[in-house]
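> sequence and predicted structure are below.
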Amino acid sequence: MITPELIAKHGITPEEYEMIRGILGRDPNITELGIFSVMWSEHCSYKNSRPELKKFPTTGEGILVKAGEENAGVIDIGDGYAVAFKIESHNHPSAVEPFQGAATGVGGIIRDIFTMGARPIFLLNSLRFGDIRGDSVQARTNRRLFEGVVSGIAHYGNCIGIPTVGGEVYFDNSYNGNPLVNALCLGVLRHDQIRRGHATGAGNPVFYVGAKTGRDGLAGAAFASRDLTEESKNDRPAVQVGDPFMEKILIEACLELFAHPDAVVGVQDMGAAGLTCSTCETASRADMGIEIDLAKVPQREKGMTPYETMLSESQERMLIIVRKGREQVVRDIFAKWDLDAAEIGMVTEDGIMRVRDHGEIVAEIPAKRLADEAPIYFREASEPTPAPNFVLPQVPPVLASEALLRLLAAPSIASKRWVYEQYDHMVRVGTVVVPGSDAAVTRIPIETPEGLKYKHLASSVDCNGHYCALDPYVGGKIAVAEAARNLACSGARPLGTTDNLNFGNPHKPENFWQLRRAVEGVAEACRHFNAPVTGGNVSLYNQSPAGAIDPTPTVAMVGIIDDPAHITTQYFKGAGDEIWLVGALGEGLGGSHYAAEICGRKEGPCPVIDLAAESAVHAVVLEAIRQGLVKSAHDCSEGGLAVALAECCISGPSATVGATVELPAPSASLEELLYNESQSRIVLSVPATAATALQEMAHRHAVPVRKLGMTGGDALEITAGTHKVQGNCAEMQDRWAWSIGRIMGSHT
Amino acid sequence: MKVGILQFPGSNCDQDMFHVCSQVMGLQTTYLWHKNTSLESADLIILPGGFSYGDYLRCGAIARFSPIMRSVIDHAKDGGLVLGVCNGFQILCESGLLPGALVRNQNLKFICKPISVKVCNTNSPATLLAKTDSVLTIPIAHGEGNYQADDSTLADLETGGQVVLRYCDASGTTSSISNPNGSRNNIAGICSAMGNVVGMMPHPERCSESALGCSDGLVVFESYLECFSKSAALA
């Protein structure tokens, strides 16, 4: 009996229920109601964000599969090869159960990539937690979440044998109780290997492969089903349980099967909304129908109802549409890998998604209307009250040199080695630049008629949520600009972008305004850098009782390095090189880490960004790199110029390299000169012989450029007029390298 | 020299090993599937890293029962060359081809980083061309690489010169500070009494090309080639 309470419990509004009745021409049964509720959830339908997402640029040279067409976008990288990549969130599961939540987040995004026919090559992640310092209950909770998420990512990625080559972690109390876990996977494939999620050809059999279906993850996309079945286990967690070993052999078996293109018609992974989403989407894309019998679905538990089977989010499962007559190929390959491969139904002509249970029809819904006719909401947006502007106290709280040490030890700035040393970041022998530089660089083997060749990809994931809280439009632009800047520092030009929009409840007009403005900023900057959005993910309702998170439109950009000789890292390479700043000295401490960390003020204004000036800086740096002039390149981001210089001194794999730097007398304060977070700035080290050429390039691109000093010695010594700031390299490195390890209790 | 690389479900360094043996070393290389029993006349059998059978139950505990392992054990008993890296080392210990066991790292965390190891034995086929007491930088990547053995086994390993690699600092000093995982006597790699079976936790295949920033691991593969050429010359 479908009661108003039951409808409400499924998150379906009375208006939506009427739409469902209109589509079916009758009342839905409970299974159908469940199916609609998951397909029309924000997670699957983007019903709140879709009008905004249309603002992203999604076309461009080299785009082979556009955003939204399939599980992930695909971009050409030349020589007949392409990459598929996408970022996806698993925020809510990670808040409830950090280890499994993060692990299954990684598993889910990997499935999206190999579903496209691509061999997964690397992973990145972007994480947010509340402050992990101190003895408060909140800090202890944040440490537990941080520890659990990192080990969950490590557990899944390490076992499956895909390196986690980079990422970012920020700590801010707006993420208390609501951590963010965004994971990216990139895979490589030949153009002719692209697989589609289309159920074409009436009569073609539908195969279910991989893990068996259980009741885990039932609440994933809709709500807990505990009052729907007598056998429901009240304490069953809403979070799915991941099995990376299962997924590893599933990848190998699927890629082996895809090598028989004549046998495979379509492929779709079972992620959110599991069997429901995969069946109706494959049918809808092909304008066909699909019919399955749940009795044939491999099940882990006895007595599952059709409702439970259709809504289960058990992991490591795939749906494969096979060409009739070629079933044995599928059976043989999956038998070799000891995996289930069950024929559960077939493609039909009538456009209906028909679900049977032992022959009896339990759901019958027009597939296209279910997949494509989710309601779209145009939410109200209103600008929140802006944060006050930061004013530096007459007497700063600490000396500028002490501030430098404190900033280097601040968890958001400090080395993330405690994190990435738990991730296998080297498996697949492709990691050319390991975590800890501005961008990760991975080589991709390519088979050519002349033999084995390599393509070199750089990737970076960025977002400063604090900037976005101050001004989501500018913050969104900065997230893209910083990603592009990191690529430029590593010697790469952008190929494309994937984004993960993490925001609060969209029913609150302030939150929706932030979403809209951030999307507009990200979209404009992606267009500017010629880095179209190839796909991504939206995570709304990131809210704890204390309020919404800082708006966090995480941006991941992938670029290509045309010649491996151009690969550049951020740290100084030795004594005797000149240090140059490409870009201006900057001004203002609004939104800075200095204001937040040293003065305890999360205040504005947000740093400004001029996209034309930004790309001119990239052009200078890339030209200098391509001419072989650059020893190191590092962008100025959190902590400003002084922190960037310190990182150049101390972040190398071997001995530290000091520097002597001379700045003009500060026009406002020493703190502002050292720690402002003005954008569009890159610190280079170059041999002395390169200076003239570098100045000429900067002049030609109308970019300010300034010699800062020389590398050498065992300290960073900065002079600014009559001010002197000094940091001993050993001490700075000790504070920076081990800060997080000390907080987490693994380093003394 | 023909190389056979074992593939268990969950192996994940098999392709890396194949790449180094075939592309970098130019050796004839083949995969050996766990369900088969033929070693396809390979001279050197490599058990690569990974998580065979998900490392469920205990690392390497299930893989040792694979059909292919019976042939590997016969090959080893006949004096044939066997190298196990990381999970491969764990499988060799589980199958009794090497003494001791690899347990959870002391800090209970997975550790992935380049590390210094000292070559303690240059008679093993994996280190024939390395210099005694030289220090190599080779990455480790494991959660269970803490080598444990009872006192008498350990004494036998030491007196028999079966310790091949030890964790050390950049200057070659071995101490608890340079021990990443709690292994007894800083052991990173050992060989069998006959010397033909070698197991090591560090991954030489990850540092055998200058493009990856370090090629210290190459000496392991070159040593095997040297060892094989010498024994072929004798035969």
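Great, that's in hand.

> what is the burial count for residue B:151?
8 (other CB atoms under 10 Å in any protein chain shown). Any C-beta I mention is one placed from the backbone N, CA and C, and that applies to glycine too.

> which residues of the stretch 501-650 of chain A lie near chain B?
residue A:564 (CB under 8 Å from any CB of the partner chain).

> pull the CA atoms of the top helix by length along chain B into CSV?
Longest helix of chain B, by residue count under DSSP state H: helix B:218-234. Extracted in CSV, the C-alpha atoms of helix B:218-234 (Å, rounded to 0.1, in the frame of the first residue of the first chain):
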residue,chain,number,x,y,z
LEU,B,218,68.7,-2.7,-12.5
VAL,B,219,71.7,-4.4,-10.9
VAL,B,220,69.3,-7.1,-9.7
PHE,B,221,68.2,-8.1,-13.2
GLU,B,222,71.7,-7.7,-14.6
SER,B,223,72.9,-10.0,-11.8
TYR,B,224,70.4,-12.7,-12.8
LEU,B,225,71.5,-12.5,-16.4
GLU,B,226,75.2,-12.7,-15.3
CYS,B,227,74.4,-15.7,-13.0
PHE,B,228,72.5,-17.5,-15.8
SER,B,229,75.3,-16.8,-18.4
LYS,B,230,77.9,-18.1,-16.0
SER,B,231,76.0,-21.3,-15.2
ALA,B,232,75.3,-21.8,-18.9
ALA,B,233,79.0,-21.5,-19.6
LEU,B,234,79.8,-24.1,-17.0
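
> buried stuff in that helix?
B:218-221, B:223-225, B:227-228 (16 or more other CB atoms under 10 Å in any protein chain shown).

> give me the low-pLDDT residue ranges for the chain?
Picking chain A for this. A:219-238, A:748 (pLDDT under 70).

> oops, chain B please
Using pLDDT under 70, chain B drops low at B:235.

> mind listing the helices for it?
Using DSSP H, helices in chain B cover B:14-19, B:67-77, B:87-94, B:151-159, B:218-234.

> tell me which parts of the stretch 351-500 of chain A are close to chain B?
Going by CB under 8 Å from any CB, the residues of the stretch 351-500 of chain A near chain B are A:420-429, A:431-432, A:434, A:443, A:445, A:452, A:454.

> report the buried members of those.
A:420-429, A:431-432, A:434, A:443, A:445.

> show me these that map onto helices.
Going by DSSP H, the helices hold residue A:420 from those.

> partners of the residue most central in space within chain A in the sheet?
Nearest to the mean C-alpha position of chain A, by CA atoms, centre = their mean, lies residue A:87 at 3.8 Å. Beta-bridge pairing of residue A:87 under DSSP bridges involves residue A:184.

> who touches it in this structure?
Contact analysis of residue A:87 by CB atoms under 8 Å, 6 or more residues apart in numbering or on different chains lists A:109, A:124, A:126, A:182-184, A:461, A:498-500, A:536-537, A:554, A:556.

> show me these that map onto strands.
In strands, judged by DSSP state E, the following of the contacts of residue A:87 are found: A:124, A:126, A:182-184, A:461, A:498-500, A:536-537, A:554, A:556.

> which of these lies closest to residue A:645?
residue A:461 (23.6 Å; CB to CB).

> and that closest one, how far from chain B?
Going from residue A:461 to chain B by CB to the nearest CB, to the nearest Å gives 19 Å.

> that residue contacts residue A:124, correct?
Yes: between residue A:461 and residue A:124 a contact is recorded at 5.1 Å, counting by CB atoms under 8 Å.

> out of these two, which sits in the busier spot?
residue A:461 (29 against 25).

> which residues sit in contact with the closest residue to the more buried one other than its chain neighbours?
Closest residue in space to residue A:461, ignoring its immediate chain neighbours: residue A:556 at 4.1 Å, by CB to CB, 6 or more residues apart in numbering or on different chains. By CB under 8 Å, 6+ apart, the residues touching residue A:556 are A:85, A:87, A:124, A:126, A:184, A:459-462, A:483, A:497-500.

> farthest-separated two in the residues you listed?
Across these (CB to CB), the longest gap, 15.2 Å, separates A:85 and A:462.

> of those two, which one has the most company?
Using other CB under 10 Å as the criterion, residue A:85 and residue A:462 rank with residue A:85 on top: 33 against 23.

> quick check, the more buried one in a strand?
Yes: per DSSP: H, G, I helix; E, B strand; the rest coil, residue A:85 lies within a strand segment.

> what about residue B:167, how many neighbours?
Neighbour tally, residue B:167, other CB under 10 Å: 27.

> helices of the stretch 51-200 of chain A, start to end?
Listed in chain order, the helices of the stretch 51-200 of chain A (DSSP state H, counting those that start in this stretch) span A:91-96, A:98-115, A:137-160.

> can I get the ones you listed in JSON lines with distance to residue B:53 and mean neighbour count?
Formatted as JSON lines, those follow (distance: least, CB to CB, whole Å; neighbours: other CB atoms under 10 Å in any protein chain shown):
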{"stretch": "helix A:91-96", "distance to residue B:53": "26", "mean neighbour count": "21"}
{"stretch": "helix A:98-115", "distance to residue B:53": "18", "mean neighbour count": "27"}
{"stretch": "helix A:137-160", "distance to residue B:53": "11", "mean neighbour count": "22"}
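
> with distance to chain B added, can I get the ones you listed in TSV?
Below are those laid out as TSV (distance: least, CB to the nearest CB, whole Å):
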stretch	distance to chain B
helix A:91-96	19
helix A:98-115	13
helix A:137-160	4
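
> turn these into TSV, columns for distance to residue A:171.
Shown next, in TSV, are the helices of the stretch 51-200 of chain A (distance: least, CB to CB, whole Å):
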stretch	distance to residue A:171
helix A:91-96	15
helix A:98-115	15
helix A:137-160	7
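
> closest one to residue A:616 among the ones you listed?
helix A:98-115 (34.5 Å).

> how far off centre is the closest one?
Offset of helix A:98-115 from its chain centre (CA atoms, centre = their mean, to the nearest Å): 12 Å.

> skip the chain neighbours and tell me the closest residue to residue A:329.
Closest to residue A:329 by CB to CB, 6+ apart is residue A:263, at 4.4 Å.

> for chain B, what's its nearest residue on the stretch 201-350 of chain A.
residue A:245 (2.9 Å; CB to the nearest CB).

> up against chain A, what does chain B have?
Close to chain A, as judged by CB under 8 Å from any CB, chain B has residues B:9-10, B:12-13, B:15-16, B:19-20, B:23, B:35, B:49-51, B:53-56, B:107, B:109-114, B:139, B:141, B:143, B:203, B:205-206, B:209, B:211-213.

> make it 6 Å
B:9-10, B:12, B:16, B:51, B:54, B:109-113, B:139, B:141, B:206 (CB under 6 Å from any CB of the partner chain).

> who wins for most neighbours among the residues you listed?
Of the residues of chain B next to chain A, with other CB under 10 Å as the count, residue B:206 tops at 29 neighbours.

> now do the contacts for that residue.
A:426, A:429, B:139 (CB atoms under 6 Å, 6 or more residues apart in numbering or on different chains).

> ok, 8 Å please
Counted by CB under 8 Å, 6+ apart, residue B:206 has contacts A:426-427, A:429, B:16, B:138-139, B:141, B:212, B:217.

> next one: the closest residue in space to residue A:743 that isn't next to it in sequence from chain B, what distance?
Spatial nearest neighbour of residue A:743, excluding adjacent residues (CB to CB, 6+ apart): residue A:132 at 5.5 Å. Distance, residue A:132 to chain B, by CB to the nearest CB: 16 Å.

> is it true that residue A:132 touches residue A:144?
No: with contact defined as CB under 8 Å, residue A:132 does not count as touching residue A:144 (9.5 Å).

> so the nearest residue to residue A:643 once chain neighbours are set aside, which of the three states?
Closest residue in space to residue A:643, ignoring its immediate chain neighbours: residue A:407 at 5.4 Å, by CB to CB, 6+ apart. Three-state assignment for residue A:407 (three-state DSSP): helix.
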